[in-house]
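Give me a model of this one.
(chains A and B)
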2 protein chains.
Amino acid sequence: MDIKELGEFGLIERIRDAMGPAPEGVLGIGDDCAILPQREGMETLVTTDMLVEGTHFLREDIPAHRLGWKSAAVNFSDIAAMGGRPTGSFLSLGLPRGLDSEWMDAFVAGYRECSDYCGAPLLGGDTTTSPSGICINVTVLGECRRGCSRLRSSAVPGDLVCVTGPLGDSGGGLQVILKGVERDAAAGALVERHYRPVPRVREGQALAATEGVHAMMDISDGIASDLRHILKASKAGAEISTKDIPLSEEMRLVCARHGWDALELALTGGEDYELLFTMAPGSEPPVPYYVIGRITDGQDIVWLGADRDYLGYRHF
Amino acid sequence: MDIKELGEFGLIERIRDAMGPAPEGVLGIGDDCAILPQREGMETLVTTDMLVEGTHFLREDIPAHRLGWKSAAVNFSDIAAMGGRPTGSFLSLGLPRGLDSEWMDAFVAGYRECSDYCGAPLLGGDTTTSPSGICINVTVLGECRRGCSRLRSSAVPGDLVCVTGPLGDSGGGLQVILKGVERDAAAGALVERHYRPVPRVREGQALAATEGVHAMMDISDGIASDLRHILKASKAGAEISTKDIPLSEEMRLVCARHGWDALELALTGGEDYELLFTMAPGSEPPVPYYVIGRITDGQDIVWLGADRDYLGYRHF
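As a prediction, the model looks like this:
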């Protein structure tokens, strides 16, 4: 069925029914604004991301369910990167006429799955027609105790540089898709990590509650780019030990088979949505992590064990 | 200059510089999330709207400055409709390659002018390329004292139905643009009201602080559509006296000259962004308003003095 047959308000009702009700004490979809309570000593976190067809995704390449998951995930990941708890999301959709309602339902199911995983309801949004491709904008709100969020500007020379998981899987998955190579078990796993990144919401809160954890951000463009944001904001440098960059077994396998540079994909591929953080030596975060280098009083990144520089993904 | 030459981070810096800094105690552009303080006894309001080129605007028809104003205004208007004070906005832009930076600068200047008028800083957003048209998404946060926001569901039979200003100017302005009629002083004024609607932020706060003011919303689709949202949410009906619908002098003039139905434009044209509210007789709001009818225990709208029904704008 063409979504046009639903009409605007039918479409909104369908999305609301699929997403479930707002929690007690919160006003969700249906009025001019959503309403969330404020509490003394807390802070509100806000992040927003736009995904445009043809730039961020190709409709024929990514299943609607996965696109729904990913649209939510990239935003929840920003709340995780501050150490916050997500409290609600807002979904704007620009949809071409003639789009099938089955696509829509699968998208919303994926969006809901990620929202449920992160514990945050859909509280509002906007739906409109788009004369060309699909345009998705998600805004997520979160909260944390005042002064407890972790900024990019807090790295200190001597800090260890750490990540919460293997890097490059998502970039490897994108190569599998773009180059159309055979999707065996390993390649399929990489594609799935590209489509369905897991926001490190629990890890982020645990890290923000750990003494000695200083700067934090999520890895969206690859650490070659993202770490530079921390260094710029903290007016510091870093040494990264390239041999300590964690790579998954699947990533090693697929890169070896196709002759791809696993390290380059790990450093510049982006979209892993693991957390990148710095901490004083001796800190004991209660989550799995990998030490990949340290913060220096230099100005840029020194790649130990590499004979070249790495730059991250550029959007324009 | 092509915005591509600025690069993503250059573009973000340019927007940040043009918009000015975040206020004391608020973290704005530059980290994974913005941070706003919470206060005991307050509520956070959130609204979001997407504007898509070819659906909401034609680039050659609307000056970039006016589009910037309007993109902000339609969201601030939703905060006004709840009776809230805007606290910050988030701007996502999907921009075609080759867009001129002058267009961008004018857009941002208009966005800032409206933001300054409403007293709310830009606190974050996203910029990305779009392979087709411009896509704009704005999210605005606001706040009000707990329980003080005005919902659509609070209308009571016997309430007066009121609006804060003349209706139809924006719809009339759109006709001037679409039909290409001569833009004399009156027609030009209507076009300006279509491009540059004024969010009734001060009026909304004053109304929410007035005893006896019950339901409230902003007029985006025309009261024929918008009032029905209040009636549905409040399980009530309404009688509207069509001779009491306020029309501006310019609107009367332009409609008389071109033989347009001023009443139909006033009821169904939409985008006036005046406030529509209901209040107990005898209430004394400290803002200008026009009484146009009353809430009944019926089920729909009775148009007194009209020989037909009116329906609002349909999005799909």
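
Quick check: closest non-adjacent residue to the spatially most central residue of chain A.
Closest residue to the average C-alpha location of chain A: residue A:74 at 3.0 Å, with Cα atoms, centre = their mean. Spatial nearest neighbour of residue A:74, excluding adjacent residues (Cβ to Cβ, 6 or more residues apart in numbering or on different chains): residue A:49 at 5.2 Å. Placement of C-beta: from N, CA and C, glycine included.

three-state assignment of that neighbour?
The three-state assignment at residue A:49 reads strand, by DSSP: H, G, I helix; E, B strand; the rest coil.

same question, residue A:141
Strictly by three-state DSSP, residue A:141 counts as strand.

Just the CA trace of the helix or strand where residue A:240 lies, in CSV.
If you go by DSSP states H and E, residue A:240 is part of strand A:237-241. The C-alpha coordinates for strand A:237-241 follow below in CSV (Å, rounded to 0.1, in the frame of the first residue of the first chain):
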residue,chain,number,x,y,z
GLY,A,237,48.6,15.4,21.2
ALA,A,238,48.6,11.6,21.2
GLU,A,239,50.7,8.6,20.4
ILE,A,240,48.7,5.7,19.0
SER,A,241,50.3,2.2,18.8
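
just checking, next helix/strand downstream of that strand?
Next helix or strand after strand A:237-241 toward the C-terminus (DSSP H and E): helix A:249-258.

helices and strands of chain A: which one bottoms out on pLDDT?
Lowest on mean pLDDT, DSSP states H and E among the helices and strands of chain A sits helix A:7-19, with a mean of 89.

what sits up against it?
Residues from elsewhere that reach helix A:7-19 (Cβ atoms under 8 Å, 6 or more residues apart in numbering or on different chains): A:3, A:6, A:28-30, A:91, A:101, A:104-105, A:108-109, A:111-112, A:115, A:121-122, A:125, A:127, B:314-316.

In it, which residues are buried?
By 16 or more other Cβ atoms under 10 Å in any protein chain shown, the buried positions in helix A:7-19 come out as A:8, A:11, A:12, A:14, A:15, A:16, A:19.

Specify which member of those residues is nearest to residue B:192.
Set against residue B:192, the nearest of the buried residues of helix A:7-19 by Cβ to Cβ is residue A:8 (27.6 Å).

how close does that closest one sit to residue B:228?
13 Å (Cβ to Cβ, to the nearest Å).

before we move on, could you check phi and psi at the nearest residue to residue A:133 once chain neighbours are set aside?
Using Cβ to Cβ, 6+ apart and skipping residues adjacent in sequence, the residue nearest residue A:133 is residue A:53, 3.2 Å away. For residue A:53, the backbone dihedrals (degrees, to the nearest 10) come out as phi -60, psi 130.

Count the residues that sit near residue A:53.
Neighbour count for residue A:53, taken as other Cβ atoms under 10 Å in any protein chain shown: 22.

Pull the contacting residues for it.
Residue A:53 neighbours (Cβ under 8 Å, 6+ apart): A:59, A:132, A:133, A:134, A:135, B:131.

If you rank those by neighbours, which is first?
Among the contacts of residue A:53, residue A:135 has the most neighbours (other Cβ under 10 Å), with 31 neighbours.

if I look at that residue, how far off is chain B?
Going from residue A:135 to chain B by Cβ to the nearest Cβ, to the nearest Å gives 4 Å.

beta partners of that residue?
Beta-bridge partners of residue A:135, counted by DSSP bridges, are residue A:52, residue A:94.

thought it was touching residue B:128?
No. Taking Cβ atoms under 8 Å as the definition, residue A:135 is not a contact partner of residue B:128, at 9.8 Å.

which neighbours do the two share?
Residues touching both residue A:135 and residue B:128 by Cβ under 8 Å, 6+ apart: A:50, A:51, A:52, B:94.

These into JSON lines, with extra columns for neighbour count, pLDDT and distance to residue A:306?
Formatted as JSON lines, these follow (neighbours: other Cβ atoms under 10 Å in any protein chain shown; pLDDT from 0 to 100; distance: Cβ to Cβ, whole Å):
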{"residue": "A:50", "neighbour count": "27", "pLDDT": "97", "distance to residue A:306": "34"}
{"residue": "A:51", "neighbour count": "21", "pLDDT": "97", "distance to residue A:306": "32"}
{"residue": "A:52", "neighbour count": "24", "pLDDT": "96", "distance to residue A:306": "34"}
{"residue": "B:94", "neighbour count": "31", "pLDDT": "96", "distance to residue A:306": "35"}
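
Out of these, which comes closest to residue A:188?
Of the shared contacts of residue A:135 and residue B:128, the one sitting nearest to residue A:188 (Cβ to Cβ) turns out to be residue A:51, at 22.8 Å.

quick check, nearest of the buried residues of helix A:7-19 to residue A:239?
Checking these against residue A:239 with Cβ to Cβ, the nearest one is residue A:19 at 45.6 Å.
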